[in-house]
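**Q** Fold the stuff below for me.
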Amino acid sequence: MMSNQAEELLHQLKSLSGPFPLWNLEHLPEQPGKLFLEWLRLAIENNVKEPHAMTLSTLDQQGYPDARVLILKNIIEDTFYFASSSNSRKGQQLHHNPKVALTLYWPALGRQIRIRGIAQDEGDEAGASDFRKRKFGARVVAMTERQSQQLVEEDTLNRSIEVQKKRLQEDPDFVASHWRLYAVHAQEVEFWQGDTDRKHIRVQYTWQDEQWHKNRLWP
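**A** From the prediction side, this is the model:
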């Protein structure tokens, strides 16, 4: 019987090796947004790489899940913000089904945050404001307006980028109308602290009856 090389490789890898920070559950905030900011500050203090990178999960029209990593733009109270082209695959999926999940994982701290909620397009002004804050190169690529479409030749992409560079240089205030800022209004937020012995600590916030409820979950 042939050996499973992939299984052998994966089996050799370490996970949750620690050490991890302690988590005092005695003084949990009443709102998940406050706890999120506490954890985010700790991640930044511990030099976690790109702690604002998160996975956005959506559903397509056939019911298949889709996921990709993007950047958390802001958090206000218990609402989490990200930006995207409305013409992209995720933009179209959000249009048909605004129910989403956000996931952040910081291996160095053994911490994971899972958010489920409803994504809402914040409108033209918010989208334009976010677009103007993007770096020049990021705006140029967004202006090609063909995200997720099939690319046949590299030259086609390069020519399109050069055209948009010139366009933006001539009109620095140009805003791509398809660029949108989305607000995810959290309905459920789970904070997960990994443990080297797998006795993980999990705290779940659930929005019910116009207030947040906290529950400790089994590992």
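**Q** Give me the buried stretch members for the longest strand seen in the chain, please.
**A** Secondary structure of the chain per DSSP state E: the longest strand is strand 179-193. If you call a residue buried by 16 or more other C-beta atoms under 10 Å, then strand 179-193 has these buried ones: 179-184, 186, 188-193. From N, CA and C alone the C-beta is placed, and that goes for glycine too.
**Q** Just give the nearest non-adjacent residue to residue 136, would you?
**A** Among residues not flanking residue 136 along the chain, residue 168 sits closest, at 6.9 Å (C-beta to C-beta, 6 or more residues apart in numbering).
**Q** show me where this protein has helices.
**A** 5-12, 32-45, 89-96, 124-133, 136-143, 154-170 (DSSP state H).
**Q** hmm, back to that, now the angle between helix 89-96 and the longest strand of the chain, please.
**A** Per axes from the mean of the first three to the mean of the last three C-alpha atoms, to 10 degrees, the angle that strand 179-193 makes with helix 89-96 is 90 degrees.
**Q** With residue 105 as the reference, name the closest of the helices of the chain.
**A** Taking C-beta to C-beta, helix 32-45 is the member of the helices of the chain nearest to residue 105, at 10.6 Å.
**Q** Buried residues, the closest one. List them.
**A** Neighbour-count burial for helix 32-45 flags 32-33, 35-36, 39-40, 42-43 (criterion: 16+ other C-beta under 10 Å).
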